[in-house]
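1. Please work out how this folds:
(one chain, ligands or ions: 3)
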Amino acid sequence: MESSRSVRRTKEEKKLLRRQIKASHTLLKHEDITTVSHPTKHLVVSNGGLGNGVSRESLLEVLKEGGTVESLLTPPSKPYAFVSYSSIEAGQNAYTLLNGRTLQCQDQTMTLYFSYVVKVDCDRSVSCALPPGLSVLEDFVSLEEELQILKAVDWTPHADDVTAQKALKHRRVKHYGYEFRYDNNNVDKDKPLPGGLPVECDALLQRCLAGGHISVLPDQLTVNQYQSGQGIPPHVDTHSPFEDTILSLSLGAKTVMDFKHPDGRSVAVVLPERSLLVMKGESRYLWTHGITPRKFDVVPVSETGGSGVMTSDLSNLTLSRRDTRTSLTFRKIRHTPCNCAYPSVCDSQRPPSPPVVPVAEGDACRLESQYVHQVYEEISSHFSSTRHSPWPKVRDFLLSLPPGSFLADVGCGNGKYLGINPAVRAVGCDRSVNLVQICIERGYDAFVSDALSVPLRRGSCDACISIAVIHHFATQERRRAAVRELIRLIKVGGRALIYVWAMEQEYNNQKSKYLKEEASGSSREGGEELKTEENKAIQKEEHDRNMISDIRCTDDGLSNVTQPKIHVHTNRTAFLSQDLLVPWHLKGNMENKKGAASGCADIPVENAKQKPVFHRYYHVFQQGELEELCLGVKGVKVLRSYHDQGNWCVELEKTHGNFSIIAAGK
Ligand SMILES: O=C(O)CCC(=O)C(=O)O
Ligand SMILES: [Fe+2]
Ligand SMILES: [Zn+2]
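-> Ligands and ions are numbered 1, 2, ... in the order given. This next block holds a predicted model:
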């Protein structure tokens, strides 16, 4: 009996030792804390940190069993604490007695492992300095004022609300003056909300003016309400919509706000209830601020309901349960671009981040306007110089039309298909004024028109072609509307030929010309670039910028409403997504350069040789997608469907008249 018990104990001891060794390895590897095997008076307690949810008081109670505790350091958010005993003996005693001790804290059992350290590294304390430009003014509002303001914020939704209210993933928000949009982290400056800021805030804002904290009254207010456990991801309030000073009033409960400098420095600031946080200069523009979602905060022990603002003294920290906090963030709308001293984080001083795949019609129109229409206007001359050889199968289609047929080329570009069959009467239209002008100069009939509403009579055409056009529409509804419009134009029995760019650039084991084409520098939709080192560098820059933009996308709530970003495609490579921006490197005839430099197209990046790069939006089609799109249009039959040189193509016949009339709403 006796011997078996001792074996069991040895096993337990072995297990404890293993765990303890593992804990000291973890300390060394992740925290750079070196433990020693000889007894000292200083010990590091793994799993006994505020980061494990262990409160200072409960840990201290256990530690006292070992002997007289001289100091206890509990760094915020760390999974360990440092304890120093009055003597080596006491340290040794604690080590033997307390190793493997379990501690019950917040529904969890923590096992404490002790290791000796030569000394407690005081540099592990957090920075004591507040970020430059930051201040916390305590007791800025009285208890009565606090109640009054909290009462003024009505969270019940009203149909005729003068505020904009949202339940985000991690908190609820309400905006006054202007709505802050979490999809683009910006405000619509042209769309102020009626009603302005609540009058209940007047007195405190006047005090801010009188105290010199602000020089003009704010005109935008965001009210955030955080339940215990909720927070806000680290972010910098976008520069371009708001002026320098940002105020945030904390009501109902205190919280800890984390400030981070891009170099990694981090400062946790306690915001007591009824305090006013003032962010100016560096703290407003460069440091991120955020509230970690958690139910307990690390606060100074002496902080009794409202004094300390800094978590600087590690021997003085403990946990405090979070209650519901309502914050009022006051900002002043900015009407001129930000020219702060922090260009790396300034949206006014850097190219805009890539657009997202639109859902709403309005967003799709804006995207197409910026990334299709404006770009074609800018690149028209260079684009036209690369568009001369007709694709053989399109030519065959055109030559198959009976003499005297009336043909419309919707999205005719520079008119390269308008003269293929002299026996047909061909008319072209395009969104681009400059491209239509080129057609006219070449002696073709062409007019400016949107492909969604072509000013030709229903059933007036024997045939229509739409070559490399429909992939520029940004939603499926709009792509289908484009097919419907083509069908409206043709008579019953008439034919339409549609080409769109294919996602599959390799088909039947054959690479498309677009993938194969290396240094020709011309001739294929979307492709016109040399694989020079220079271009590779540009592509890398484009790619990197995309990555940066992704990281910069900060706010939350958002994650469930945010659409995928449209990335810049690397020319001559396989498509990685269906919605993309295809770079066009303007070269050769630079008569458009002036327009390009004006930047009204998209991100015209200047490369080393000052040649602007434009980006055209494309939705590349997957196999079967084009047919399916066409079959969603009534009164249509797919005559054939094929892959041609990296495009999906269909030839359609109109079978009925009435459906399409109704469908087109004409
Ligand atoms: O709750 C706070 O005090 C800060 C809110 C905030 O940072 C924001 O809405 O941008
Ligand atoms: Fe903010
Ligand atoms: Zn700025």
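2. Leaving out chain neighbours, which residue sits closest to residue 563?
-> Once flanking residues are discounted, residue 563 sits nearest to residue 356: 4.0 Å by CB to CB, 6 or more residues apart in numbering. Heads up, the C-betas are built off the backbone N, CA and C, glycines and all.
3. what's near enough to touch the one you found?
-> Going by CB atoms under 8 Å, 6 or more residues apart in numbering, residue 356 touches 183, 562-566.
4. ok, and the most crowded of those residues?
-> Neighbour counts for these, by other CB atoms under 10 Å, peak at residue 566, which reaches 24 neighbours.
5. re earlier: what pairs with the residue nearest to residue 563 across the strands?
-> For residue 356, the beta-bridge partners are residue 565 (DSSP bridges).
6. do you know how far it is from residue 346?
-> Distance of residue 356 to residue 346, computed by CB to CB, to the nearest Å: 21 Å.
7. Same question for residue 240.
-> Computed with CB to CB, the distance linking residue 240 and residue 346 is 8 Å.
8. which neighbours do the two share?
-> In terms of CB under 8 Å, 6+ apart, residue 240 and residue 346 are both contacted by the residues residue 338.
9. Which residues of the chain lie near ligand 3?
-> Contact residues, the chain versus ligand 3 (CB under 5 Å from the ion): 239, 338, 340, 346.
10. What is the burial count for residue 460?
-> As a burial measure, residue 460 scores 15 neighbours (other CB under 10 Å).
11. how close does it get to ligand 3?
-> Residue 460 is 55 Å from ligand 3, where distance means CB to the ion, to the nearest Å.
12. If I look at that residue, what pLDDT would I see?
-> Predicted confidence (pLDDT) at residue 460: the value is 97.
13. Pretty sure it sits against residue 494.
-> No. Proximity of residue 460 to residue 494 does not meet the contact threshold set by CB atoms under 8 Å, at 9.6 Å.
14. pretty sure residue 87 contacts residue 67?
-> Yes. With contacts defined as CB under 8 Å, residue 87 counts as touching residue 67 at a distance of 7.3 Å.
15. which of those two has more neighbours?
-> Taking neighbours as other CB under 10 Å, residue 87 and residue 67 compare with residue 67 leading, 19 against 12.
16. all strands of the stretch 401-550 of the chain, in order?
-> In the stretch 401-550 of the chain, the strands defined using DSSP state E, counting those that start in this stretch lie at 406-410, 425-430, 445-448, 461-467, 490-501, 506-507, 510-511.
17. Ok, which of those strands comes nearest residue 99?
-> strand 506-507 (62.5 Å; CB to CB).
18. Please state the offset of that closest one from the chain centre?
-> On the basis of CA atoms, centre = their mean, to the nearest Å, strand 506-507 sits 33 Å off its chain's mean C-alpha point.
19. Minimum distance to ligand 1, which residue of the stretch 1-150 of the chain gives it?
-> Nearest residue of the stretch 1-150 of the chain to ligand 1, counting by CB to the nearest ligand atom: residue 136, 11.1 Å away.
20. I misspoke; the intended subject was the stretch 301-450 of the chain.
-> Proximity of the stretch 301-450 of the chain to ligand 1 (CB to the nearest ligand atom) peaks at residue 327, 3.4 Å away.
21. Validate this expectation: that residue resides in a strand.
-> Yes. With DSSP: H, G, I helix; E, B strand; the rest coil as the criterion, residue 327 is located in a strand.
22. For it, give its distance to residue 248.
-> In this view, residue 327 and residue 248 are 5 Å apart by CB to CB.
23. what about stretch 269-287, start to end distance?
-> For stretch 269-287, the first and last residues are 13 Å from each other (CA to CA, to the nearest Å).
24. Just the mean pLDDT for it, thanks.
-> Here the average pLDDT along stretch 269-287 is 94.
25. Just the endpoints, please. Distance across stretch 27-41?
-> Stretch 27-41 end-to-end distance (CA to CA) = 18 Å.
26. What residues of that stretch count as buried?
-> Judged by neighbour count (16 or more other CB atoms under 10 Å), stretch 27-41 contains these buried residues: 27, 31, 33, 35, 40-41.
27. Using a markdown table, lay out those residues together with secondary structure, distance to residue 267 and pLDDT.
-> Formatted as a markdown table, the buried residues of stretch 27-41 follow (DSSP: H, G, I helix; E, B strand; the rest coil; distance: CB to CB, whole Å; pLDDT from 0 to 100):
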| residue | secondary structure | distance to residue 267 | pLDDT |
| --- | --- | --- | --- |
| 27 | helix | 24 | 84 |
| 31 | helix | 19 | 76 |
| 33 | coil | 22 | 84 |
| 35 | coil | 28 | 89 |
| 40 | coil | 31 | 94 |
| 41 | coil | 31 | 94 |
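28. Determine which two of those residues are furthest apart.
-> By the measure CB to CB, 31 and 41 form the most distant pair in the buried residues of stretch 27-41, at 20.3 Å.
29. low-scoring stretches of the stretch 201-350 of the chain, by residue?
-> 302-316 (pLDDT under 70).
30. Would you mind naming what in the stretch 101-250 of the chain lies close to ligand 1?
-> Remark: the part of the stretch 101-250 of the chain in contact with ligand 1 comprises 222, 224, 232, 237, 248, using CB under 6 Å from any ligand atom.
31. now do 8 Å
-> Residues of the stretch 101-250 of the chain lying close to ligand 1 (CB under 8 Å from any ligand atom) are 171, 173, 180, 222, 224, 226, 232, 235, 237, 246, 248-250.
32. In helices, which of these appear?
-> In helices, judged by DSSP state H, none of those are found.
33. Most neighbours among these, please name it.
-> Across these, neighbour numbers were computed from other CB under 10 Å; residue 249 holds the maximum, 27 neighbours.
34. From residue 74, how far off is it?
-> Residue 249 sits at a distance of 30 Å from residue 74 (criterion: CB to CB).
35. Residue 226 now?
-> The gap separating residue 226 from residue 74 is 24 Å, by CB to CB.
36. same question, residue 462
-> 83 Å.
37. Go ahead and confirm residue 428 touches residue 448.
-> No. When contacts are counted by CB under 8 Å, residue 428 is not listed as touching residue 448 (10.3 Å).
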